[in-house]
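Asker: turn this into a structure:
(2 chains)
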Amino acid sequence: MNALLDRVDLNAVLDRVDINRLLDRVGMDHLLGRVDVESLAARLDLNQLLAGVDMNQLVSTVDIRAIVQRVDVNQIVQQVDVNQVVQQVDVDEVVRRVDVEAVVDRVDVNGVVDRIDFDALVEQTDLGAVIAASSSGMASDALDVVRSQTVGLDEFIARWIARLRRRPYAGPPGPPEGAKAGS
Amino acid sequence: MTARAGDATFSGPPAIRQSLQGKYAGFASRFTAFAVDVGVSLGVFMLALAAIWFAARVLTGKDIAWNKGDIWVIVAYAVWAFIYFAYCWAASGRTAGMALFGVKVVRDDGTDASGRRAVVRTLALPLSFLFLGLGFVGILLGDRRRALHDVIAGTAVVYSWDARAARLRFLSRS
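Answerer: Below you'll find the model as predicted:
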């Protein structure tokens, strides 16, 4: 037998074999059914296998953007129980870690105040009663009226002067550079 | 006078919807304040003359004939007016008239006026009346609304009352 095999040119025989036809005749499902995949997998050392893989190279070839675009984020978010998530958050701890001073420094308080409609505020809230209670009465009213009338006259004159000089008028000028705030 | 009387006023000039404190005062406020000051200083001076006349009559039994053309009466009034304006501006930056109309004298950088500047301002005040009051034109045309005596003394006149607070008081009662 060995002598016979020695005389056979196996390469020539294999060259004449039509592998495709051979595979067609093989029942692959039947063949795979006889393979104990779990036993095969148990014999694999996955750690060793993964150690040989260049993960960075692998990840760099993946088109993450395409994957993300195929993900329905809205559906995922709908499945999230936000209340449960929030309950697990220690809000006090979060607030403690916030630098409130820095936040306040970044707020344009003057801009915020300028946006408040004080007239509407006073008319619609009890703040008006507080202000009324804190003022000194008739003499103060009279003084306010006299002063406001005079300021009105100041503005009237200033607007006309500006009109004659063909200059825009945007209210009383000032204050001087060194003036104390609110003085 | 009631808050109702100020209705048209408060809803009128847009300037009083903001706080005017520290902004340069206009011609009308300054002029009316000065007119009140002249009235007050003259009134006090005449009261003083009347008191002197009464005292002289009681003590000596003779009447003193006051003549407003007398040089010493003019000099006495000038001295009194100097004291009145200089002292008021040095002490608080405002005279009685200025307090009434809510304006005050400050240095040209906005800080409180010193005694020296108050004295210089008082001495320079008559210069603004020369040439038909040409020295006051700066109040109308200047960017900082300063008269000649302000420029000489290094001072300015600003509003000292809070117009917005006044408006809020008015709204709180209406």
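Asker: okay, CA-based contacts and neighbour counts for the rest of this
Answerer: Noted.
Asker: pull out the buried residues from stretch B:22-32.
Answerer: Buried positions in stretch B:22-32, judged by neighbour count with 16 or more other C-alpha atoms under 10 Å in any protein chain shown: B:22, B:23, B:24, B:25, B:26, B:27, B:28, B:29, B:30, B:32.
Asker: next, find the distance separating the last one from chain A.
Answerer: What that stands for is residue B:32. 8 Å (C-alpha to the nearest C-alpha, to the nearest Å).
Asker: ok, that residue - contacts?
Answerer: Residue B:32 makes contact with B:97, B:101 under the criterion C-alpha atoms under 8 Å, 6 or more residues apart in numbering or on different chains.
Asker: what pLDDT is listed against it?
Answerer: Per-residue confidence at residue B:32 stands at 96 (pLDDT).
Asker: for the fourth one, same thing?
Answerer: In the predicted model, residue B:25 carries a pLDDT score of 94.
Asker: wait, isn't it in contact with residue B:102?
Answerer: No - in this structure, residue B:25 is not within contact of residue B:102 by C-alpha atoms under 8 Å, at 9.1 Å.
Asker: what sits in contact with each of the two?
Answerer: residue B:159.
Asker: how close does the most far-flung residue of chain B relative to its centre sit to chain A?
Answerer: The outermost residue of chain B, judged against the average C-alpha position, is residue B:61 (38.6 Å), by C-alpha atoms, centre = their mean. To chain A, residue B:61 is 44 Å away according to C-alpha to the nearest C-alpha.
Asker: go through the chain and flag its longest helix.
Answerer: Here I'm looking at chain A. Counting residues, the longest helix in chain A under DSSP state H turns out to be helix A:138-164.
Asker: the chain in question should be chain B.
Answerer: helix B:27-60.
Asker: one step back: touching chain B at all, the longest helix of chain A?
Answerer: Yes - judged by C-alpha under 8 Å from any C-alpha of the partner chain, helix A:138-164 comes into contact with chain B at A:138, A:141-155, A:157-158, A:161.
Asker: of those, just the buried ones, PyMOL syntax please.
Answerer: Under the burial definition 16+ other C-alpha under 10 Å, those of the residues of helix A:138-164 next to chain B that qualify are selected in PyMOL by:
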select buried, chain A and resi 141+142+143+144+145+146+147+148+149+150+151+152+153+154+155+157+158
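Asker: what values do phi and psi take at residue B:155?
Answerer: phi -130, psi 170 (degrees, to the nearest 10).
Asker: so it versus chain A, what's the distance?
Answerer: Residue B:155 is 10 Å from chain A, where distance means C-alpha to the nearest C-alpha.
Asker: quick check: angle from the longest helix of chain A to helix B:27-60?
Answerer: 130 degrees (axes from the mean of the first three to the mean of the last three C-alpha atoms, to 10 degrees).
Asker: now for helix A:138-164, which elements pack on it?
Answerer: Where contact means 3 or more C-alpha pairs under 8 Å, 6 or more residues apart in numbering or on different chains; DSSP states H and E, helix A:138-164 is packed against helix B:7-11, helix B:27-60, helix B:96-101, helix B:137-141, helix B:163-173.
Asker: can you list the ones you listed in JSON lines and add distance to residue A:170?
Answerer: Formatted as JSON lines, those follow (distance: least, C-alpha to C-alpha, whole Å):
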{"stretch": "helix B:7-11", "distance to residue A:170": "18"}
{"stretch": "helix B:27-60", "distance to residue A:170": "16"}
{"stretch": "helix B:96-101", "distance to residue A:170": "22"}
{"stretch": "helix B:137-141", "distance to residue A:170": "14"}
{"stretch": "helix B:163-173", "distance to residue A:170": "17"}
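Asker: quick one: which of these is nearest residue A:18?
Answerer: helix B:163-173 (101.7 Å; C-alpha to C-alpha).
Asker: out of the buried residues of stretch B:22-32, which is nearest to residue B:120?
Answerer: For these, the nearest to residue B:120 is residue B:30 (18.3 Å; C-alpha to C-alpha).
Asker: ok, the closest one - contacts?
Answerer: B:98, B:103.
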